[in-house]
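Undergrad: A predicted structure for the sequence below; I have some questions about it.
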Amino acid sequence: MVNNTNLCVDLKTVMQNDALLKRDKTYHGVLTRDAEDHFLFEETLPAKSYHRNEKLYEGKYCSLVHKQSGKYQIHLKAMNANDIKQVSTMAFNIYSEIDNALKIIKK
């Protein structure tokens, strides 16, 4: 293990609940260095079990994960065709969730 302290860096956070990082609280997530002295921390949803790819968003129709390769992936959940009353309404609901999930990446 190698320890190091990065001084004078910009840290941008995307948090699930806390607006600011709290002292002595442990956060689970993904830390990415996106530029010289610029870092991004994305807090993951509380895990029910071990997940290889950290889940950043969980909705009714889709979920968003941050893969170990650094890429993001949206998963559409399985649905029953009998539950679809109006296709246009279902499509808009899916679009809205994808829009919310992608906003997490761009905050």
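TA: Sure, I can see it. Residues are numbered from 1 along each chain as shown.
Undergrad: Where do the helices of the chain begin and end?
TA: 87-106 (DSSP state H).
Undergrad: Verify the stated contact: Val30 with Leu45.
TA: No. Shown here, Val30 and Leu45 do not form a contact pair, counting by C-beta atoms under 8 Å, at 11.9 Å. Using the backbone N, CA and C atoms, a C-beta is placed for each residue, glycine as well.
Undergrad: residues shared between the contacts of the two?
TA: Residues touching both Val30 and Leu45 by C-beta atoms under 8 Å, 6 or more residues apart in numbering: Leu56.
Undergrad: count of residues packed around the residue lying closest to Glu43 once chain neighbours are set aside?
TA: Nearest residue to Glu43 in three dimensions, chain neighbours excluded: Gly29, at 4.2 Å (C-beta to C-beta, 6 or more residues apart in numbering). Using other C-beta atoms under 10 Å, Gly29 has 18 neighbouring residues.
Undergrad: Also Gln86?
TA: Gln86: 8 neighbours (other C-beta under 10 Å).
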